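> take a look and give me a structure for this.
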Amino acid sequence: MTIEQIGWNFHHSYTELPADFYTKTTPDYEPNPTLVLLNKPLAETLGLDGDLLETADGISVLAGNTLPKNSMTIAQAYAGHQFGHFTILGDGRAIVLGEQLTPANDRVDIQYKGSGPTPYSRGGDGKGALGPMLREYIISEAMHALRIPTTRSLAVVETGEKVIRGTALRGAILVRAASSHLRVGTFQYARILKDVGKLKALADYAIKRHDPDIYEAKNRYIHFLERVVKRQAKLVAKWQLVGFIHGVMNTDNVTISGETIDYGPCAFMNEFDRETVFSSIDDHGRYKYGNQPAIANWNIARFAETLLPLIDQDEKKAVQLAENIVHSFPHHFQSYWLRGMRKKLGLFMEKDEDEQLMNELLQWMEKERVDYTNTFLDLTFDRLTHKEVYKTETFKTWWNKWQRRLEYEHKRADEVKQMMMQHNPAIIPRNHLVEEALELVTEKREMRFVEKLIDALRDPFAHNEMQQNLARIPIPDGPYQTFCGT
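A predicted model of the protein is given here:
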């Protein structure tokens, strides 16, 4: 077998940008790589032979020890506001192998995460630990199954060496796929170069890659900003609808493509509470669940600032045009969120009072501290007699309003139920499930549970018996913290 038989089909359009935006670098050699997880369905989509990836030669590529002849390994430069503070960044522990052209003619970045230091590492070791790499694999693939735009995980490879994170941990690399790794922070970096030509080159590249249909538009940069606003509004609305909390919504973690990226201290909410924070480093709740739409809007404003020199030579006019689009974010977010909530409640039509109906439900959920995901499942399957909380007058009043609203639809009960089943997941990556899976793999080298969990998450709307068993939450459901893994 040759490495090329695996199906690698790399191009390198990003390296046609000015050299400021990247640095050629190579991944570290790993002493004893072993394959932990391989995403064969994704491999097939990418045009890769999953069986060959499981061979010694395939694993050598996934570990970064052997590089396909048409690869070009680079680390990307970018900047970002981290918890509101601006800094120069870059891929400190990530290396892009190339842009895979798939059988569907899509262009997909293939990236190593945790493959060693780069010129942007700022003194870090650039390595990854097995636990955080598995965590990203599990949650990113769950997000994909939940129909939420996301980077995806092709493989986790244990490196055979130890990394130090307070203690010695098993090292690992995540092989990640993304429609691109262009970020708001990439544009912030371009702006501080103080070279409009380089900024224009980046913006034109991003448009050609993600929005080619607007490239010939009269003011393509305005249209580009509109597209990014809508993509981010839709993305964060989808997060809110499933109770997902990203944890580090820094501008370097906001993609131009509208994909979720960088699964560090992220988690899914159990009890509905807008104040929920899981990140160990978010002391003031900047990125709590209830703040995510506003933070996304703030991040988009930072993106708009970078485009001002391209929007119009008259700065005041450019600011006015950009502000009008940035201010449209809440409208787009609310529209996407309402659309999603209607589906979760089995509503096919739009009525003005829908938003109030939804907010009253959420207020009741927050007051009673009920589980977000399972409450919608109880509504879906009419499981309202097994819990005392559904016997309260507040809930009964809301339920009667909901029933009257459903009557307006003139839909059969089975049609309503089917709609709700397709938009209320039977299972999410519960925090305790993820932690159990990671502990079994990292401490005992036991793979059966993580494989079972990934299988259950692969179709979250199947509503099968295995998913129902995994949907139970621990009692009591105590405090939970997540960490960035660097």
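> residue 239 in helix, strand or coil?
Classification of residue 239 using DSSP: H, G, I helix; E, B strand; the rest coil returns helix.
> whoops, I mixed them up, residue 187
With three-state DSSP as the criterion, residue 187 reads helix.
> who's in contact with it?
199, 202-203, 256, 303, 306-307 (C-beta atoms under 8 Å, 6 or more residues apart in numbering). Quick note: C-beta positions are derived from backbone N, CA and C, even for glycine.
> next one: it from residue 325, what distance?
When C-beta to C-beta, to the nearest Å is the yardstick, residue 187 and residue 325 sit 15 Å from each other.
> try residue 437
Going from residue 437 to residue 325 by C-beta to C-beta gives 42 Å.
> now swap in residue 241 and tell me
24 Å.
> not counting its own residues, what contacts the helix or strand containing residue 406?
Following DSSP states H and E, one finds residue 406 within helix 393-409. The contact list for helix 393-409 (C-beta under 8 Å, 6+ apart) reads 345-349, 351, 353-354, 357, 360-361, 364, 367-368, 384, 389-390, 416.
> how about 6 Å then?
With C-beta atoms under 6 Å, 6 or more residues apart in numbering as the test, helix 393-409 has contacts from 348, 357, 360-361, 364.
> can you check stretch 159-172 too?
Contacts with stretch 159-172, where a contact means C-beta under 6 Å, 6+ apart, come from 30-33, 127-130, 133, 156, 158.
> tell me the least confident of the residues you listed?
pLDDT across the contacts of stretch 159-172 is at its lowest for residue 31, which sits at 89.
> now do the spatially closest residue to that residue that is not a sequence neighbour against residue 373, distance only.
For residue 31, ignoring the flanking residues on the chain, the nearest one in space by C-beta to C-beta, 6 or more residues apart in numbering is residue 160 at 4.6 Å. According to C-beta to C-beta, residue 160 and residue 373 sit 38 Å apart.
> and what of residue 238?
Counting by C-beta to C-beta, the separation of residue 238 from residue 373 is 14 Å.
> repeat for residue 182
According to C-beta to C-beta, residue 182 stands 32 Å off from residue 373.
> and the longest strand seen in the chain, C-alpha only, in PDB?
Longest among the strand segments of the chain by residue count, using DSSP state E, is strand 152-164. The C-alpha coordinates for strand 152-164 follow below in PDB (Å, rounded to 0.1, in the frame of the first residue of the first chain):
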ATOM      1  CA  ARG A 152     -15.700  17.400  12.900                       C
ATOM      2  CA  SER A 153     -13.300  14.800  14.300                       C
ATOM      3  CA  LEU A 154     -11.700  12.300  11.900                       C
ATOM      4  CA  ALA A 155      -9.500  10.500  14.500                       C
ATOM      5  CA  VAL A 156      -8.000  10.400  17.900                       C
ATOM      6  CA  VAL A 157      -4.400   9.000  18.000                       C
ATOM      7  CA  GLU A 158      -2.600   8.300  21.200                       C
ATOM      8  CA  THR A 159       1.000   9.400  20.800                       C
ATOM      9  CA  GLY A 160       2.800   7.200  23.200                       C
ATOM     10  CA  GLU A 161       4.300  10.000  25.200                       C
ATOM     11  CA  LYS A 162       3.200  11.900  28.400                       C
ATOM     12  CA  VAL A 163       2.200  15.500  28.600                       C
ATOM     13  CA  ILE A 164       2.300  17.500  31.700                       C
END
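> buried ones in the following helix or strand past it?
Next helix or strand after strand 152-164 toward the C-terminus (DSSP H and E): strand 168-178. Using 16 or more other C-beta atoms under 10 Å as the test for burial, strand 168-178 gives 169-178.
> tally of neighbours for residue 79?
Residue 79 is flanked by 24 other residues according to other C-beta atoms under 10 Å.
> hey, what's it bridged with?
residue 88 (DSSP bridges).
> so, low pLDDT: which residues of this structure?
Within the chain, the stretches with pLDDT under 70 are 1-2, 279-283, 475-486.
> domain parsing of it, as residue ranges.
Following automatic domain parsing, one gets these domains for the chain: 3-178, 184-336, 431-470.
> tabulate those (a markdown table), appending distance to residue 380.
Output for the domains of the chain, formatted as a markdown table (distance: least, C-beta to C-beta, whole Å):
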| stretch | distance to residue 380 |
| --- | --- |
| domain 3-178 | 16 |
| domain 184-336 | 14 |
| domain 431-470 | 9 |
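> by contact count, what packs against the strand or helix carrying residue 438?
Element membership for residue 438, per DSSP H and E: helix 431-444. With contacts defined as 3 or more C-beta pairs under 6 Å, 6 or more residues apart in numbering; DSSP states H and E, the packing partners of helix 431-444 are helix 130-145, helix 448-457.
> ok, back up a step: residue 263: which of the contacts of helix 393-409 is nearest?
For the contacts of helix 393-409, the residue nearest residue 263 by C-beta to C-beta is residue 361; the value is 28.7 Å.
> residue ranges of the helices in the stretch 301-450 of the chain, please?
315-326, 329-344, 354-368, 372-380, 393-409, 413-421, 431-444, 448-457 (DSSP state H, counting those that start in this stretch).
> out of those helices, flag the one nearest residue 113.
helix 431-444 (16.4 Å).
> buried ones in stretch 102-110?
Across stretch 102-110, burial judged by 16+ other C-beta under 10 Å covers 102, 108-110.
> can you list contacts of it?
Contacts to stretch 102-110, defined as C-beta under 6 Å, 6+ apart, come from residues 46-47, 96-100, 177-178, 180-181.
> mind running it again at 8 Å?
Under the contact criterion C-beta under 8 Å, 6+ apart, stretch 102-110 has outside partners 9-11, 13, 45-47, 96-101, 154, 175-181, 209.
> which of these are buried? Put it as a ChimeraX command.
ChimeraX command restricting the contacts of stretch 102-110 to the buried ones, with burial defined by 16+ other C-beta under 10 Å:
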select :9,10,45,46,47,96,97,98,99,100,101,154,175,176,177,178,179,180,181,209
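> residue 49 against residue 55, yeah?
No. Applying C-beta atoms under 8 Å, one finds residue 49 not in contact with residue 55, separated by 9.4 Å.
> widest-spaced pair of the contacts of residue 187?
Within the contacts of residue 187 (distances taken as C-beta to C-beta), the two that end up farthest apart are 199 and 256, at 13.7 Å.
> those two: which is more packed in?
Comparing residue 199 with residue 256 by other C-beta under 10 Å, the one with more neighbours is residue 256, at 26 against 23.
> for the more buried one, what are its contacts?
180, 182-184, 186-187, 206, 210, 228, 231 are the contacts of residue 256 under C-beta under 8 Å, 6+ apart.
> which one (most neighbours) among those?
Top of the contacts of residue 256 by neighbour count (other C-beta under 10 Å): residue 186, with 30 neighbours.
> chain neighbours aside, what residue packs nearest to that residue?
Nearest non-adjacent residue to residue 186 (C-beta to C-beta, 6+ apart): residue 78, at 4.4 Å.
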